[in-house]
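Novice: Sequence and predicted structure, then a few things I'm wondering about:
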Amino acid sequence: MVLLVLALLSSAAVTAAASASAHMELSDWHRRLTEGWPHLNSTAPLMPLYRRIGWLHMPKSGTSFGTSLVHLANASLPSDAAIGVHTSLDPRMHSSQGIDIILRYPYDQWFRGTFWTKRHTNFADHDALWDGSGWSPNYVGRIFSMFREPSSRARSAYNHFGHSCHSNFSSFEAQMRGTAVTMVTGQRTYGLNCIGCGFNCKPLIPDVKRAVDRLDTFAFVGLVEEWALSICLLHTMHGPTFHSERCNAAEFGNSRKASYKKTSKEDIFALSANDPADEALYAAAKRRFWSDVQWYSVTAASCRQRNCTTD
């Protein structure tokens with residue numbers, strides 16, 4: 001009996017050690033990847049506050065929004081400039097669309113002092129609004145973000161990330177709950193902490209009230225489900241500041257169109273998230289979005305005049 005107990009303890013220790021080793025390897029992989037990125041931080045002084053752009057990039061909530069932000073920031077960009085079109089000379093950047101586009105259009109040449117470049121000089125990274133990310137005080141009141149319906153975002157995240165380290169959607173979805181809230185509040189430091197395999201995901205209670213209150217300070221709130229209207233609203237609200245009041249056709253491309261073949265064992269489209277915290281924040285984002293659409297008199301006709309349609 002004693003020998004059996006010792007054997008079981010030994011087996012458990014080996015399993016735990018293997019799991020810790022795997023986690024370390026994955027974390028080390030991410031560290032080596034980010035360390036390999038070129039440091040492209042702008043050396044220019046910051047623009048006046050009203051001309052700064054901080055992108056809070058929720059995972060699986062529209063990487064293509066980066067295309068709209070760069071065209072908003074500089075209307076003289078080539079018309080086909082788009083995040084996700086990999087034409088840089090550095091093959092390491094294929095997986096980092098934000099770095100790739102800045103290799104092609106450097107901050108100091110095209111966006112002097114405009115973007116929140118975050119910890120790894122990647123304006124498109126998934127840094128949350130916490131003290132160490134550099135968002136405060138320089139980008140308080142200048143945060144731009146797209147929000148996605150939580151179940152849709154969870155299905156996409158499971159398809160892209162979770163199926164590799166979770167046996168089913170329910171396990172993955174339970175872990176990623178509150179991702180949007182904790183990014184807005186800064187309770188977690190990185191948007192992939194509870195989504196990507198190998199990241200450190202500590203349990204906590206999402207502070208919904210703080211997130212909703214902070215949402216009111218954002219410069220722009222868009223909805224993935226209302227993409228074209230969101231891009232039109234973006235240029236209506238902020239185009240006059242940057243002299244970029246018209247949309248560009250490149251802004252309506254999808255840089256990461258998902259394929260759901262990876263999750264064939266489950267009917268991915270029938271799965272729903274149980275995420276009260278992110279649902280509450282998404283409801284607040286919808287209220288803010290539709291209020292801005294009304295306030296700025298954004299209509300189908302006004303969007304056509306701005307070339308902000310997919311027709």
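Specialist: That came through, no problem.
Novice: the helices in the stretch 201-311 of the chain, which residues?
Specialist: 208-215, 227-242, 276-295, 300-305 (DSSP state H, counting those that start in this stretch).
Novice: quick one, what contacts the closest residue to residue 129 other than its chain neighbours?
Specialist: Take residue 129 and drop its neighbours on the chain: the residue closest to it by CB to CB, 6 or more residues apart in numbering is residue 186, 4.6 Å away. (Each C-beta comes from the backbone N, C-alpha and C, glycine too.) The contact partners of residue 186, by CB atoms under 8 Å, 6 or more residues apart in numbering, come to 128, 129, 130, 131, 133.
Novice: For the third one, grab the count of nearby residues.
Specialist: If I follow you right, that is residue 130. When neighbours are counted by other CB atoms under 10 Å, residue 130 registers 17.
Novice: got the residue ranges for the strands in this structure?
Specialist: Along the chain, the stretches classed as strands by DSSP state E are 54-55, 143-147, 220-223.
Novice: Turn the ones you listed into a markdown table, including mean neighbour count.
Specialist: What follows is those, written out as a markdown table (neighbours: other CB atoms under 10 Å):
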| stretch | mean neighbour count |
| --- | --- |
| strand 54-55 | 26 |
| strand 143-147 | 25 |
| strand 220-223 | 24 |
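Novice: will you turn those into JSON lines that also has mean pLDDT and distance to residue 213?
Specialist: As requested, the strands of the chain are arranged in JSON lines below (pLDDT from 0 to 100; distance: least, CB to CB, whole Å):
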{"stretch": "strand 54-55", "mean pLDDT": "98", "distance to residue 213": "17"}
{"stretch": "strand 143-147", "mean pLDDT": "98", "distance to residue 213": "13"}
{"stretch": "strand 220-223", "mean pLDDT": "98", "distance to residue 213": "14"}
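Novice: Export these as JSON lines, with columns for distance to residue 191.
Specialist: Below are the strands of the chain laid out as JSON lines (distance: least, CB to CB, whole Å):
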{"stretch": "strand 54-55", "distance to residue 191": "11"}
{"stretch": "strand 143-147", "distance to residue 191": "11"}
{"stretch": "strand 220-223", "distance to residue 191": "17"}
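Novice: of those strands, which approaches residue 115 most closely?
Specialist: The closest of the strands of the chain to residue 115 is strand 54-55. By CB to CB, the value is 7.4 Å.
Novice: From the contact counts, what lies against the closest one?
Specialist: In terms of contacts (3 or more CB pairs under 8 Å, 6 or more residues apart in numbering; DSSP states H and E), strand 54-55 is packed against helix 65-73, strand 143-147.
Novice: In TSV: those, plus distance to residue 179.
Specialist: Listed next are the helices and strands packed on strand 54-55 as TSV, based on distance: least, CB to CB, whole Å:
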stretch	distance to residue 179
helix 65-73	17
strand 143-147	11
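Novice: how near is the residue nearest to residue 129 to residue 140?
Specialist: The span separating residue 186 from residue 140 equals 12 Å under the rule CB to CB, to the nearest Å.
Novice: Count the residues that sit near the closest residue to residue 217 other than its chain neighbours.
Specialist: By the measure of CB to CB, 6+ apart, the closest residue to residue 217 outside its immediate chain neighbours is residue 141, 5.4 Å from it. Per other CB under 10 Å, the neighbour tally for residue 141 reads 12.
Novice: Confirm for me that residue 141 is in contact with residue 216.
Specialist: No - the pair residue 141 and residue 216 fails to qualify as a contact (CB atoms under 8 Å) at a distance of 10.1 Å.
Novice: And the residue nearest to residue 217, how close does it get to residue 42?
Specialist: On the measure of CB to CB, residue 141 and residue 42 end up 20 Å apart.
Novice: Kindly report the same for residue 116.
Specialist: Here the criterion is CB to CB. By it, residue 116 lies 10 Å from residue 42.
Novice: what sits against the nearest residue to residue 135 once chain neighbours are set aside?
Specialist: Once flanking residues are discounted, residue 135 sits nearest to residue 129: 5.2 Å by CB to CB, 6+ apart. When contacts are counted by CB under 8 Å, 6+ apart, residue 129 is found next to 56, 135, 136, 143, 183, 184, 185, 186, 214.
Novice: Let's have those in CSV, adding distance to residue 206.
Specialist: CSV is the format used below for the contacts of residue 129 (distance: CB to CB, whole Å):
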residue, distance to residue 206
56, 15
135, 19
136, 20
143, 18
183, 10
184, 9
185, 7
186, 11
214, 13
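Novice: Okay, and which of these map to helices?
Specialist: Using DSSP state H, the members of those that fall in helices are 183, 184, 185, 214.
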